[in-house]
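[1] coordinates for the following, if possible.
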Amino acid sequence: MLKKTLIKWLEKKKYDYFYDFPLGGKFPDVIALKDKELIAFECEKRTVEIPAAMGNCLFYLNDANKVFIVLPEKEKDFLSKSAIETLRGQGIGLMIGDHKKINILVGAKEFRRNNSQVIAELRRKNIGLSEEAKKEIDIKKKIVEILKEHPEGLKILDIAKYVGSNRVTVAKYVYGLTIQGLIFQRLVGPSKLCYLKGDLK
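    Just a heads-up that it's a prediction; the model follows:
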């Protein structure tokens, strides 16, 4: 829901937006582009996820001009002054949103980057995406987000239930993410479980 609100906000601001493209070796939830300004967004559900989100944002800043962490409006009351000051010190912006609007709570510092090649590749990769391709990207992102919330690993059937898609479709996308090196699978007893790369022990 928060990501949909962010997309509407970007559309209103006349930004192009993209998914499933690496910046600094990691995948932002959303990438926005207007002229030569490249912005990466990390959408989280809780304030306790800010430290990990900051770590990802620092990777994105290898290529991005700005980065933002986006949190639900209800999490605003849990933000500490030290977290906000740390974000300001790192130049990382913070947005707060709900199902209707997005507000900038901490402005992002603009970094100069020699990212013209990255921008060109981003536009080339995303030109003329079909609705089917966009759907595939969305499902892959959901799979990654679900596994992020379940470091103990999940079976493909369980992932399919969370995604709201059938097992065969999800298995195909899990295979693709495995080839990309984002997901690992291993046998645990009689079951084959899926993990994000960083969660596999």
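[2] next structured bit after the worst-scoring helix or strand of the chain on mean pLDDT?
    The least trusted helix or strand in the chain, going by mean pLDDT, DSSP states H and E, turns out to be helix 131-149, with a mean of 82. Note on helix 131-149: by DSSP states H and E, the next helix or strand toward the C-terminus is helix 156-163.
[3] enumerate every residue touching the spatially most central residue of the chain.
    What sits nearest the mean C-alpha location of the chain, by Cα atoms, centre = their mean, is residue 29, with 1.9 Å. Neighbouring residues of residue 29 by Cβ atoms under 8 Å, 6 or more residues apart in numbering: 3, 19, 41, 42, 43, 70, 141. Yep, even glycine has a C-beta here, placed from its N, CA and C like the rest.
[4] now swap in residue 37 and tell me
    65, 66, 110.
[5] still on that earlier bit, what helices or strands is the least confident helix or strand of the chain leaning on?
    In terms of contacts (3 or more Cβ pairs under 8 Å, 6 or more residues apart in numbering; DSSP states H and E), helix 131-149 is packed against helix 156-163, helix 167-179, strand 183-188, strand 191-196.
[6] list the contacts of that helix.
    Contacts of helix 131-149 (Cβ under 8 Å, 6+ apart): 19-20, 27, 29, 129, 153-154, 159, 162-163, 165, 169-170, 173-174, 176-177, 182-183, 194-196, 199.
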